[in-house]
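>>> turn this into a structure:
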Amino acid sequence: MGTSESKQSVTYEYPLTDKPWREPSNWNSQVEQALIEDIKKIKPKSLVNILLSGPVGAGKSSFISAIFTICDGEKSTRAKTGGSGSSYTVKYSGYLPENLLENFVFRDTMGIEPSDGIGFHVDDFIYLVKGHIANNYTFNPASKITTDNKSFRKEPEPMDVISCVIFVISAKDIYYGIPYDFIRKIGQLQDNLRLEDIPRTLILTQADRLCDQVRENIKNMFRSKKIEKAVRTASEIFHIDQASIHPVVNYEVDYTLTPENNIPLLLALKQSLKYANDRLKQIESAKKIR
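Modelled structure (predicted):
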């Protein structure tokens, strides 16, 4: 007498949506050039600071280098990067891309660690935002900057303040679960930003490490169900609208300059620049109202 084995039916869910869940649906040189032209039109009257913040190893410095790669037309490592173990950036650094951008300074900070006493000290954040901390200040994870420190500006100029903050987090970490301590620390930073009315965007880096289909073809970015879920999850956790959350692939391994590689970075860059410039205009308008 023969035996029969029970078979469990496994339902396979296709990893890509039928239609893109975000525009643009076409990724080509025309779309890339249109984004570049839009970015060129954003011309603040004075220097505008954009601050990058996020967990250690998320790719803050890599994102800055990717911007320089696009602006310079060749691979750039202007912002040095390290491994995932500890923060490579220990000083408050400023980077001024040329060619494509005008009057925008990208500010890099020490990475956020889950435990207190290591990594970026959250109490330094409000001083950074208000422009009190000078360039090249060396962060001290154990204590915040004091007002008698030589790098502390008692009366910052308008060009010293931060006009937009870009939070940088790994798409894979968001999808599979970011530790609560990171959420708590970034939540504290966002509370300060809301009080100062400073706009925020969020970059989900290393999207290719989360989704195999994106790694195979970056044009699948806005059809990937995993990436869509990561964007939705990030929005729920950090209370940032989905339209201000941008999945990207940094120029780390494959740094071939192509429209397909550039488009996600340009989308993130365009919105962050616009937010920063709008914030500057808002401050200028407020001065005229008595």
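>>> just give me the neighbour total for residue 46.
10 (other CB atoms under 10 Å). For the C-beta atoms, the positions are set from N, CA and C on the backbone; glycine is no exception.
>>> from residue 287, how far off is it?
For residue 46, the distance to residue 287 equals 13 Å [CB to CB, to the nearest Å].
>>> next: residue 265.
Residue 265 is 34 Å from residue 287, where distance means CB to CB.
>>> and for residue 200?
23 Å.
>>> and the two? Which one has more around it.
A side-by-side neighbour count of residue 200 and residue 287, using other CB under 10 Å, places residue 200 first with 22 against 8.
>>> can you verify my assumption that that one contacts residue 189?
No - when contacts are counted by CB atoms under 8 Å, residue 200 is not listed as touching residue 189 (9.3 Å).
>>> which residues do the two both contact?
Common neighbours of residue 200 and residue 189, counting by CB atoms under 8 Å, 6 or more residues apart in numbering, are residue 165.
>>> ok, residue 164 - how many residues close by?
Residues lying near residue 164 (other CB under 10 Å) number 25.
>>> oh, that last question was meant for residue 227, not what I typed.
Counted with other CB under 10 Å, residues neighbouring residue 227 total 27.
>>> how about the helices in the stretch 51-200 of the chain?
For the stretch 51-200 of the chain, applying DSSP state H, counting those that start in this stretch gives helices covering 60-72, 125-129, 171-176, 180-196.
>>> and the pLDDT at residue 86?
With respect to pLDDT, residue 86 scores 49.
>>> so which elements touch the biggest strand by length in the chain?
If you go by DSSP state E, the chain has its longest strand at strand 162-170. For strand 162-170, the packing partners by 3 or more CB pairs under 8 Å, 6 or more residues apart in numbering; DSSP states H and E come out as strand 48-53, helix 60-72, helix 125-129, helix 180-196, strand 200-205, helix 259-288.
>>> most packed of the ones you listed?
Among the helices and strands packed on strand 162-170, strand 200-205 has the highest mean neighbour count (mean count of other CB atoms under 10 Å), at a mean of 26.
>>> just the residues contacting that one, thanks.
Contacts to strand 200-205, defined as CB under 8 Å, 6+ apart, come from residues 58-59, 62-63, 164-171, 174, 190, 193, 227, 230-231, 234, 238, 240, 244-250, 268, 271-272, 275.
>>> go on, stretch 136-148?
Stretch 136-148 is contacted from outside by 90-93, 109-110, 113, 117-121, 123-124, 127, 132-133, 149, 151-152, 154, using CB under 8 Å, 6+ apart.
>>> for stretch 166-179, same thing?
50-55, 57-60, 63, 114, 186, 200-207, 209-210, 226-227, 229-230, 233-234, 237-238, 240, 247, 268, 272.
>>> redo that, cut-off 7 Å
50, 52-55, 58-60, 63, 114, 186, 200-207, 209-210, 226-227, 229-230, 233-234, 238, 247, 272 (CB atoms under 7 Å, 6 or more residues apart in numbering).
>>> any stretches of the protein with poor pLDDT?
Residue ranges of the chain with pLDDT under 70: 1-12, 76-89, 117, 252-255, 290.
>>> what about stretch 235-245, start to end distance?
7 Å (CA to CA, to the nearest Å).
>>> return the set of buried residues in it.
Within stretch 235-245, the residues that qualify as buried are 235, 237-238, 240, 244-245, counting by 16 or more other CB atoms under 10 Å.
>>> re the thing from before, TSV for the helices and strands packed on strand 162-170, including distance to residue 40?
Listed next are those as TSV, based on distance: least, CB to CB, whole Å:
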stretch	distance to residue 40
strand 48-53	15
helix 60-72	11
helix 125-129	27
helix 180-196	28
strand 200-205	19
helix 259-288	10
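>>> right, so of the ones you listed, which gets closest to residue 33?
When those are ranked by distance to residue 33, counting by CB to CB, first place goes to helix 259-288 at 8.2 Å.
>>> that closest one - contacts with which helices or strands?
Based on contacts counted as 3 or more CB pairs under 7 Å, 6 or more residues apart in numbering; DSSP states H and E, the elements that helix 259-288 packs against are helix 29-40, strand 48-53, helix 60-72, strand 162-170, strand 200-205, strand 245-247.
>>> okay if I get those as TSV plus distance to residue 16?
Below are the helices and strands packed on helix 259-288 laid out as TSV (distance: least, CB to CB, whole Å):
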stretch	distance to residue 16
helix 29-40	20
strand 48-53	30
helix 60-72	25
strand 162-170	21
strand 200-205	17
strand 245-247	14
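>>> out of the buried residues of stretch 235-245, which is nearest to residue 98?
The nearest member of those to residue 98, counting by CB to CB, is residue 244 at 26.1 Å.
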